[in-house]
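>>> Build the 3D model from these lines:
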Amino acid sequence: MAAMATGPMQVTPSVALRSRHSGQSRQFSHSGHKVFGHRQCRQLALPSFSVLAVASAGAWRARTRQTRQANKVVLAAVGRSGGVLQPEWAAALRNGAANPSIATDTAEGPLGFDLVGGPAEGEGDILLYLPDIDFTATVPAVQFPGLVDGGFELWRCFLPKSDRKTGFAELAQGVEEWLRGQIARNRKVVLLGDGFGGLLALAAALRLGRALKGLVLVNPSTGLAQKPWQSLGPVPVKPLVELLKGAPAFGGQATFEAGLGDLVVKAATSAAGFRSASLAARSGTLDFRLRAWLRDGWEAVSCDLRRPAFRCSLPATLLAVSKDDTLLPSLAEAEELTPLLQERCLTGRLQVKELESRSHEPLASDLDFAKVLRESPIYAYKDPISGFECPSLDELEAGSKDVERLASVVSPVFCSFDAASPSRRSFGLDGVPTPAEVGQRPVLLVGNHQIAGLDLGPLVREFLVARGVVARGLAYPGAMRRMSQRGPSQFQTFGAVPVSPRNIFKLLQQGEMVLLFPGGVREALHGPGEEYTLFWQSKTDFVRVAARFDAVVVPFGGIGADDNVQVLGNSRELRSRAEELLPFMARSQPKSGGLMPVSESLEAGTSVPFLAPPLSLATQSSPGIGDRFYFSFGKPVDLKEVNPKDRSACDKAYADIRQAVEQEMEWLQRARLEDPFRDLLRRQVFERVAGLEPAGRRIPAGPLKGKVVKTCASRAPSFPVEELPPPQADSDSDAK
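Numbers count the residues shown, from 1 in each chain. Just a heads-up that it's a prediction; the model follows:
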């Protein structure tokens with residue numbers, strides 16, 4: 001099983017690149033290089049990313065010597081630790097060769113599969129490497145010893161030497177059949193795709209689903225951010241080679257022909273984002289692969305991604321991208337690809353890892369990719385529900401600092417039911433029971449959602465600081481996708497999970513405090529004139545689930561966020577108006593589906609509102625910019641005596657909870673008229689003069705008990721809560 005190329009390991013040349021479209025120059029300095037002007041590049045008819053300089057022969061030889069020395073060190077470590085490379089691979093790496101000299105013409109079918117190495121004892125998980133568009137193991141070979149040393153049984157996929165025109169469908173089918181054969185032997189398989197190999201790996205993974213143990217994509221060439229098959233013609237290598245033959249930096253014709261020809265060809269190919277010198281040299285091969293592999297491959301994968309997520313699932317996935325890729329927009333590709341992967345992976349099973357690399361070929365560096373792989377969700381999965389840990393003080397401080405920017409303007413006020421004096425409310429959250437106070441039963445906080453979810457940050461922080469408990473939020477999946485795992489997002493750090501019936505069930509089963517907005521995104525993205533209107537479903541699902549676990553439900557209302565903005569309209573209204581003038585827009589409207597809503601309002605889809613600031617500042621009697629946030633938590637509803645199978649009892653409890661939420665909002669709207677510090681200017685002056693800057697608040701209970709949060713400031717006084725009558729729901733309850 002020979003490699004696609006022999007000889008010294010190919011090294012990415014140091015080049016200076018210029019993008020015609022952006023006008024930006026990317027320079028990599030090396031001694032002894034020749035720089036061509038932009039006009040000369042245009043005369044050469046180079047593609048959008050054009051080669052302006054290439055490394056000298058001395059620099060190239062030095063890099064080759066360094067590669068050999070690095071490989072010898074790694075090979076020595078592998079020998080000591082018990083990992084075993086195949087003899088031909090060990091010899092090739094020791095000599096700095098790109099690939100071992102194994103015959104490739106004996107491959108059965110369009111593809112061959114070559115064992116690189118594996119554990120000395122026992123069986124490790126199979127790791128199948130799918131190469132970039134050159135389809136060699138040139139670049140990542142430096143990682144192979146470390147992966148074998150990490151306990152993987154490493155295989156490489158290759159094409160026979162005689163192959164020229166194998167299409168994407170044949171490649172995907174060949175990979176799928178080989179993987180199915182390994183899975184049938186009860187082997188655990190992880191698929192590693194690099195560049196174009198990432199696209200091929202994704203195609204195979206979408207067909208095999210969770211029969212695979214894991215999927216790893218390294219700078220995958222999906223074309224989501226940039227489609228090279230639309231912008232690139234054949235790479236004009238020959239004019240560049242002829243021009244460079246006489247360059248003094250290369251010592252004239254003899255030095256060039258002695259070995260730098262391949263390097264120059266490789267540099268030109270790298271300008272288009274592809275690595276293999278021999279690939280560009282073969283007439284028509286690159287052009288064929290751009291279209292028959294990249295273009296057709298992405299069209300095939302796109303068809304699978306349009307299928308419902310439950311029919312086209314993915315295993316645990318690691319998406320690794322170069323953070324500062326100077327060649328291609330890898331980070332932008334990852335941002336476009338992440339939502340498509342997220343909805344097909346189980347919760348917490350997708351990680352987007354930004355590699356500290358400027359290269360499009362991060363596997364060619366000294367990165368310990370075996371460690372990255374072992375720390376990914378494929379091997380270090382942590383269930384976001386059962387494995388959740390309370391945020392540390394540093395994490396709380398960081399999150400609190402973000403919330404404080406908003407809180408310093410809106411000065412949130414929190415009230416709760418006073419069990420000692422049921423006829424009134426009291427400031428603070430002492431009237432809200434925690435799971436520990438009700439015998440480790442779950443506590444479900446049910447309320448209205450405000451515009452754009454601005455109420456979430458102050459709510460979650462206040463429960464952590466004032467009660468020492470994490471209120472586990474149920475976030476809309478779309479809101480979590482963009483925040484996904486370049487490190488844990490604020491959503492995940494503070495306990496939020498994607499909203500779904502399954503996740504609600506698991507949180508209640510675990511006895512957590514859960515924050516639920518039955519109106520969901522429909523309330524958070526409401527239209528004009530819909531302020532403080534509940535959009536709850538007619539079904540009583542959350543009541544039945546809560547009753548099953550003897551939960552305590554605390555209804556609450558919140559106001560203030562909706563008064564800080566003006567809703568001018570929504571995208572659906574504007575689109576319908578545009579369709580009257582431009583009928584073709586109706587045909588291009590995307591269809592939505594595949595979402596299992598917790599809120600009935602989501603079934604019809606949502607539209608994004610267009611927001612603008614009010615024209616005036618908030619005063620004591622009128623809303624405006626800087627209007628104060630108010631939250632009131634009502635009398636707890638114990639569902640211990642409610643039979644979850646009794647539909648009428650669940651319906652009644654549901655109606656009572658909804659009515660209580662509405663009455664809490666109405667009470668707050670009346671109460672804030674008695675708050676002199678609702679006035680923005682008066683409140684800001686008071687808080688500055690009184691010196692109510694963040695001075696620290698001590699956490700009274702929970703894992704962070706006794707810790708001081710330094711980023712929480714005190715707020716101006718509010719309405720005379722002891723003089724106000726309670727919401728009507730409390731009065732009705734007392735009368736009964």
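>>> can you list the domains in the chain?
Listed domain ranges for the chain are 17-374, 393-559+616-735 (source: automatic domain parsing).
>>> ranking those by mean pLDDT, which is last?
Lowest mean pLDDT within the domains of the chain: domain 17-374, at a mean of 66.
>>> List of residues touching stretch 453-465?
391, 396, 399-400, 402-403, 406-407, 410, 412, 414, 429, 432, 449, 469-471, 473, 479, 494-495, 513, 515, 524, 558, 561, 564, 629, 631, 697, 699, 702, 704, 709, 712 (C-beta atoms under 8 Å, 6 or more residues apart in numbering). For every residue, glycine as well, the C-beta is placed using N, CA and C.
>>> CA-only coordinates of that stretch in CSV, if you can.
The C-alpha trace of stretch 453-465 is given here as CSV (Å, rounded to 0.1, in the frame of the first residue of the first chain):
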residue,chain,number,x,y,z
GLY,A,453,-34.8,37.5,27.0
LEU,A,454,-33.4,40.5,28.8
ASP,A,455,-34.9,39.2,32.0
LEU,A,456,-32.7,36.1,32.1
GLY,A,457,-29.4,37.5,33.4
PRO,A,458,-30.7,39.5,36.4
LEU,A,459,-33.0,36.5,37.4
VAL,A,460,-30.3,33.8,37.3
ARG,A,461,-27.7,36.0,39.0
GLU,A,462,-30.1,37.0,41.8
PHE,A,463,-30.9,33.4,42.7
LEU,A,464,-27.3,32.5,42.8
VAL,A,465,-26.3,35.5,45.0
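>>> which parts of that stretch are buried?
For stretch 453-465, a neighbour-count test (16 or more other C-beta atoms under 10 Å) marks 453-465 as buried.
>>> JSON lines for the residues you listed, including secondary structure?
Putting the buried residues of stretch 453-465 into JSON lines (DSSP: H, G, I helix; E, B strand; the rest coil) gives the following:
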{"residue": "Gly453", "secondary structure": "helix"}
{"residue": "Leu454", "secondary structure": "coil"}
{"residue": "Asp455", "secondary structure": "coil"}
{"residue": "Leu456", "secondary structure": "helix"}
{"residue": "Gly457", "secondary structure": "helix"}
{"residue": "Pro458", "secondary structure": "helix"}
{"residue": "Leu459", "secondary structure": "helix"}
{"residue": "Val460", "secondary structure": "helix"}
{"residue": "Arg461", "secondary structure": "helix"}
{"residue": "Glu462", "secondary structure": "helix"}
{"residue": "Phe463", "secondary structure": "helix"}
{"residue": "Leu464", "secondary structure": "helix"}
{"residue": "Val465", "secondary structure": "helix"}
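>>> Looking at those, spot the one nearest Arg688.
Taking C-beta to C-beta as the measure, Arg688 lies nearest Pro458 of the buried residues of stretch 453-465, at 20.0 Å.
>>> gap between the closest one and Trp178?
Pro458 sits 54 Å away from Trp178, going by C-beta to C-beta, to the nearest Å.
>>> Likewise for Ile559?
To Trp178, Ile559 is 60 Å away according to C-beta to C-beta.
>>> higher neighbour count, those two?
Taking other C-beta atoms under 10 Å, Ile559 and Trp178 do not tie; Ile559 has more neighbours (26 against 20).
>>> which residues in the stretch 601-736 of the chain form helices?
Ranges of helices within the stretch 601-736 of the chain are 647-671, 680-689, 728-735, based on DSSP state H, counting those that start in this stretch.
>>> Name the residues of the second one that are buried.
In other words, helix 680-689. Here helix 680-689 shows 680, 683-684, 686-687 as buried, counting by 16+ other C-beta under 10 Å.
>>> CA atoms only: put stretch 494-509 into CSV for me.
Once non-C-alpha atoms are left out, stretch 494-509 reads as follows in CSV (Å, rounded to 0.1, in the frame of the first residue of the first chain):
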residue,chain,number,x,y,z
PHE,A,494,-25.0,28.9,34.6
GLY,A,495,-26.9,25.7,34.0
ALA,A,496,-29.0,26.3,30.9
VAL,A,497,-29.9,23.4,28.6
PRO,A,498,-31.8,23.4,25.3
VAL,A,499,-35.6,23.4,25.9
SER,A,500,-37.2,20.1,25.2
PRO,A,501,-39.6,17.8,27.0
ARG,A,502,-36.8,15.3,27.6
ASN,A,503,-34.6,17.9,29.3
ILE,A,504,-37.5,19.2,31.5
PHE,A,505,-38.2,15.7,32.6
LYS,A,506,-34.5,15.0,33.5
LEU,A,507,-34.1,18.3,35.4
LEU,A,508,-37.3,17.7,37.5
GLN,A,509,-36.3,14.0,38.0
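>>> Just the residues contacting that stretch, thanks.
Stretch 494-509 is contacted from outside by 347, 384-386, 388, 391, 399, 442, 444, 460, 464, 470-477, 480, 514, 516, 520, 541-542, 545-546, 548-549, 551, 596, 598, using C-beta under 8 Å, 6+ apart.
>>> how near is Ser426 to Glu437?
For Ser426 relative to Glu437 (C-beta to C-beta), the value is 16 Å.
>>> swap in Ser392?
24 Å.
>>> try Gly150
48 Å.
>>> Looking at these two, which one has more neighbours?
Gly150 (22 against 14).
>>> give the contact list for that one.
Taking C-beta under 8 Å, 6+ apart as the test, what Gly150 contacts is 83, 370-371, 373-374.
>>> Going by neighbour count, list what's buried in stretch 300-319.
Going by 16+ other C-beta under 10 Å, stretch 300-319 has these buried residues: 300-301, 305, 312-319.
>>> swap that for stretch 371-389, sorry
Counting neighbours by 16+ other C-beta under 10 Å, one finds that the buried residues in stretch 371-389 are 372-373, 376-378, 384-385, 388.
>>> So which of those belong to helices?
372-373 (DSSP state H).
>>> Present the buried residues of stretch 371-389 as a markdown table; the columns should include distance to Leu286.
As requested, these are exported to a markdown table (distance: C-beta to C-beta, whole Å):
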| residue | distance to Leu286 |
| --- | --- |
| Val372 | 30 |
| Leu373 | 30 |
| Ser376 | 32 |
| Pro377 | 35 |
| Ile378 | 33 |
| Pro384 | 44 |
| Ile385 | 48 |
| Phe388 | 49 |
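>>> okay, the helices of the stretch 601-736 of the chain, which one's buried deepest?
Most buried of the helices of the stretch 601-736 of the chain by mean neighbour count (mean count of other C-beta atoms under 10 Å) is helix 647-671; its value is a mean of 19.
>>> got a list of contacts for that helix?
425, 446-448, 532, 534, 536, 540, 543-544, 547, 553, 555-559, 630-635, 637, 639, 642-644, 719, 721, 724, 726-729.
>>> again, only this time at 6 Å
Residues outside helix 647-671 that contact it (C-beta atoms under 6 Å, 6 or more residues apart in numbering): 446-448, 532, 540, 543-544, 553, 555-557, 559, 630, 632, 634, 642-643, 719, 724, 727-729.
>>> same deal with stretch 343-350?
The contact list for stretch 343-350, computed with C-beta under 6 Å, 6+ apart, reads 309, 313-314, 316-317, 341-342, 377, 384, 498.
>>> Could you tell me the end-to-end distance of it?
10 Å (C-alpha to C-alpha, to the nearest Å).
>>> can you pull out the strands in the stretch 101-250 of the chain?
112-119, 126-130, 153-158, 189-194, 214-218 (DSSP state E, counting those that start in this stretch).
>>> And the stretch 251-400 of the chain, by the same measure?
Under DSSP E, counting those that start in this stretch, the stretch 251-400 of the chain gives strands at 316-322, 350-355.
>>> Neighbouring strands of the longest one in the sheet, and parallel or not?
In other words, strand 316-322. Partner strands and pairing direction for strand 316-322 (DSSP bridges) are strand 214-218 (parallel), strand 350-355 (parallel).
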